[in-house]
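>>> sequence unknown, structure follows:
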């Protein structure tokens, strides 16, 4: 019997395409440069790499080497339909077409590519390990920035840890490290059976990332990570959660005491969180104004919104005069930059204002399918399931304070795909 050689293109696909996902994760940490920021769609190295993932997944699907899982239709099809309807009814279809492609990339194509390329637990381990590696690298660099005064400006001092993303995307490092923190937490909880060195190594990594997250001074990330971490601990064991949270409180006090100027900034930033309701600072006040503007836009355009990427065009019409003209950032690389406020800094309100209830329903369908899949296939002692729950919880809470933009778009898409792979039950044992 004659055995036919595989096509050249197929021969070039790695036996484990999950390594391509890992390479895409690593590419997210490449400094984007100032040209990647500003109005319009931002294209980074991670975006280009994620497009390659989509092409590989499409090739494997067309050649029959992978199959489309049934839950993928219910997760992604409503979002595509809602996005398409809102784009067709957009006030500026030209602008919304670019947004259509962007949202399709982040919420459909890249996550679906990850689902198709992650076939078993080893593949999922490769993806999660790459996220962990990137988070540890960014954390270490961020700590160095804060200690040496090479970070972003906060109170006139360059002490804010921002990693390789710089002050132009001041929250990116904290989100990346937050992903890694939750992954390592899930594996640390299940580590006692993995060798005597597993727990100390995990605790060391968590300590480094906790210090970087504190020095990032990102209040929204603190809230989202705190909620996700507590949920992960409670699901695993309530008694373990009580012990870990007690130890973390004591460790936090010690860390703040030894971090010098950075520690004082952490204290002041923490105090500002408590005052965000009664006496909000300008940053929080701007966010409240943006939220209110987004709600007013949705009230006037409830069905299909004003179209993807059209929030900036309507912002000043619906916002009050108290809204600032932009946010201010500064670091040793980019200097002082004033950035326009181009979104409501809330993913849910962004969907409502730009895509109306039609687009929001599609987004809700995706989240509902992921939550239902994780609940149906729950295994509290499985680190992959536990990490998926933590990552999804982090995103759900973080979306209350932020929306997607910059280098972390591609990374968030990969995280959604990894969670979907576990929720759909397509990961073989």
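That came through fine. Quick caveat, the model's predicted, so the values are computed rather than measured. Residues are numbered from 1 along each chain as shown.
>>> Show me the strands in the chain, by range?
152-154, 157-160, 327-331, 335-339 (DSSP state E).
>>> Please name every helix or strand in contact with the first one.
Contacts of strand 152-154 with other secondary structure elements, assessed using 3 or more C-beta pairs under 8 Å, 6 or more residues apart in numbering; DSSP states H and E, are made with strand 157-160, strand 327-331. Just so you know, the C-beta spots here come from the backbone N, C-alpha and C atoms, and that holds for glycine as well.
>>> what distance separates the lengthiest helix in the chain from the middle of the whole chain?
Counting by DSSP state H, the longest helix found in the chain is helix 347-376. Distance of helix 347-376 from its chain centroid, counting by C-alpha atoms, centre = their mean, to the nearest Å, is 16 Å.
>>> Any regions of this structure where pLDDT drops low?
1-14, 33-41, 155, 192-198, 251-281, 324-338 (pLDDT under 70).
>>> Against residue 345, how distant is residue 219?
Computed as C-beta to C-beta, to the nearest Å, the residue 219 to residue 345 distance reads 12 Å.
>>> Same check on residue 309?
15 Å.
>>> now residue 117
Taking C-beta to C-beta, one finds residue 117 at 32 Å from residue 345.
>>> same check, this time on residue 234
28 Å.
>>> The residue nearest to residue 355 when sequence neighbours are not counted: neighbouring residues, count only.
Spatially, and ignoring its direct neighbours in sequence, residue 355 is nearest to residue 86 (3.9 Å; C-beta to C-beta, 6 or more residues apart in numbering). Residues within reach of residue 86, counting by other C-beta atoms under 10 Å, total 30.
>>> Residue 234 and residue 345: who's more crowded?
Each of residue 234 and residue 345 has its neighbours counted (other C-beta under 10 Å); residue 345 has more, 24 against 13.
>>> Quick check: the more buried one touching residue 292?
No - look at residue 345 against residue 292 with C-beta atoms under 8 Å: they stay out of range, at 12.0 Å.
>>> Need the residues touching each of residue 219 and residue 345.
Listed as contacting both residue 219 and residue 345 by C-beta atoms under 8 Å, 6 or more residues apart in numbering are residue 401.
>>> Identify the residues contacting the nearest residue to residue 346 once chain neighbours are set aside.
Distances taken as C-beta to C-beta, 6+ apart put residue 291 closest to residue 346, at 5.8 Å, once the chain neighbours are dropped. Residue 291 is in contact with 344, 345, 346, 349, counting by C-beta under 8 Å, 6+ apart.
>>> if I read this right, the last one contacts residue 295, doesn't it?
In this case it means residue 349. Yes - counting by C-beta under 8 Å, residue 349 touches residue 295, with 6.6 Å between them.
>>> more crowded one of those two?
The residue with more neighbours, out of residue 349 and residue 295, is residue 349; 24 against 16, by other C-beta under 10 Å.
>>> Now do the same contact list for the more buried one.
Contacts of residue 349 by C-beta under 8 Å, 6+ apart are 291, 294, 295, 298.
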